[in-house]
Each structure stands twice: as structure tokens, then as C-alpha cells.
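A.B. asks: take a look and give me a structure for this.
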Amino acid sequence: MKKIHPEFAYQSRELGIQIEDTLGDPPDRKYHAKVVKSLIDEFAQGSQIDDVNLLSFAIAGYLQFNDPAGLLVQSQQYDQGDAAATLAMVSCADAAASALIRVAGGNPELARRAIVTAFLFKNPKRWTEEDHSLDTLQKSEGGDDEEDQLDAGHNIEHLFDANGDKND
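C.D. replies: Here you go, the predicted structure:
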């Protein structure tokens with residue numbers, strides 16, 4: 001399992017929520033298809049929408065991921081990557097291809113991020129997020145130090161008002 005940049009994990013989760021919300025309950029596939037078509041048309045016409053999830057939403061169903069290992073490498077950095085290489089790692093047909101090519105010509109980083117986000121959304125078992133839980137952070141800092149532990153009745157006044165502001 002590869003670890004990915006936290007922003008890509010966030011974007012992937014958000015994409016799933018957007019798709020689920022658009023489908024509705026019960027799922028309305030016709031409405032979902034209309035939304036996707038509208039987004040593709042906007043991007044293909046050169047719309048300046050600068051939103052990773054909207055582009056991912058539009059193209060996710062059309063992309064074929066030809067180099068999963070390479071896309072996982074691209075997912076490790078959110079703010080910098082190789083947009084041209086990322087584009088070469090996927091293929092797609094229909095109007096989505098022209099939309100993606102149009103976006104990539106004007107905003108290659110948006111295209112790269114959208115492709116990686118769509119890939120992660122479609123392949124959730126290929127990646128994992130970094131664990132930022134308190135327990136993991138404490139372990140990485142060397143565990144619990146005795147000086148960090150407070151017992152009942154311990155004088156904690158020194159933790160507050162260290163400058164002695166004399167606000168009595």
C-alpha cells in the first residue's frame with residue numbers, strides 16, 4: 001500500500017461524496033449523466049473552472065488508468081508533479097478526452113490533480129492515508145515522557161500564566 005499526499009486523500013473522499021450526493025437516494029443515473037455531460041461540455045469549451053473535484057467528477061467515469069504505479073507516485077506530491085507524464089498514464093474516449101486535453105493545455109496542474117484524484121477514487125484499495133492520530137504522533141515522538149504525565153492533585157498552575165501577569 002502506498003501512502004499518498006493528504007490533500008489527494010481529501011479530494012478523493014470529497015469526489016465520492018459529490019458523486020453520491022448527485023446520484024441521490026434512490027440513485028438517479030439520468031440526472032448524474034446530465035451533470036457529468038454539462039461539466040464535460042463546460043471544460044471542453046474552455047471554461048475557467050479551477051476545481052479539482054469538478055474536473056475529476058466529469059472525467060472519472062471515462063478514464064482508463066494505463067500506469068497505476070506511476071499514478072501512485074504522482075499522488076505523493078500534491079503541489080508539484082509531472083503533468084505531461086500523468087496525462088500519458090491515462091487514456092479516455094468521447095468528449096471527456098477533448099475536455100481533458102483542453103484543460104491540460106491551459107492548466108496542466110489542474111488536469112494532473114484531477115486525474116490522480118479520479119484514479120484514487122476508483123482504486124481505493126491501492127493506497128492508504130498517513131495516520132495522523134494522537135497515538136501515532138506520540139509514538140513517533142518517542143512515546144509518553146514522564147514529565148508530560150499529570151497525576152491527580154499535581155500542581156498545574158505553572159502550565160498557565162507563565163509570565164505571571166498578576167491578574168488577580
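
A.B. asks: now F65: phi and psi?
C.D. replies: Backbone torsions for F65, taken as degrees, to the nearest 10, come to phi -90, psi 100.

A.B. asks: surely it and F121 touch.
C.D. replies: No: using CB atoms under 8 Å, F65 is not in contact with F121; the gap is 11.0 Å. For every residue, glycine as well, the C-beta is placed using N, CA and C.

A.B. asks: check which element follows the lengthiest helix in the chain along the chain.
C.D. replies: Ranked by residue count and defined by DSSP state H, the top helix of the chain is helix 6-23. Downstream of helix 6-23, the first helix or strand assigned by DSSP states H and E is helix 29-44.

A.B. asks: quick check: angle from that next one to helix 6-23?
C.D. replies: Relative orientation of helix 29-44 versus helix 6-23 (axes from the mean of the first three to the mean of the last three CA atoms, to 10 degrees): 130 degrees.

A.B. asks: contacts for the helix or strand that helix 29-44 is followed by, please.
C.D. replies: Where DSSP H and E defines the elements, the next helix or strand beyond helix 29-44 is helix 52-59. Contact with helix 52-59 is made by 11, 14-15, 18-19, 22, 35-36, 39-40, 43, 49, 92, 96, 99-100, 103, 110-111, 113-115, 117-118, 121, as judged by CB atoms under 8 Å, 6 or more residues apart in numbering.

A.B. asks: quick one: contacts of the longest helix of the chain?
C.D. replies: Contacts of helix 6-23 (CB under 8 Å, 6+ apart): 29, 31-32, 35, 52-53, 56-57, 60, 75, 78, 113, 116-118, 120-121, 124, 127, 129-130, 132.

A.B. asks: what bits of this protein have low per-residue confidence?
C.D. replies: By pLDDT under 70, the low-scoring segments of the chain are 1-2, 128-168.
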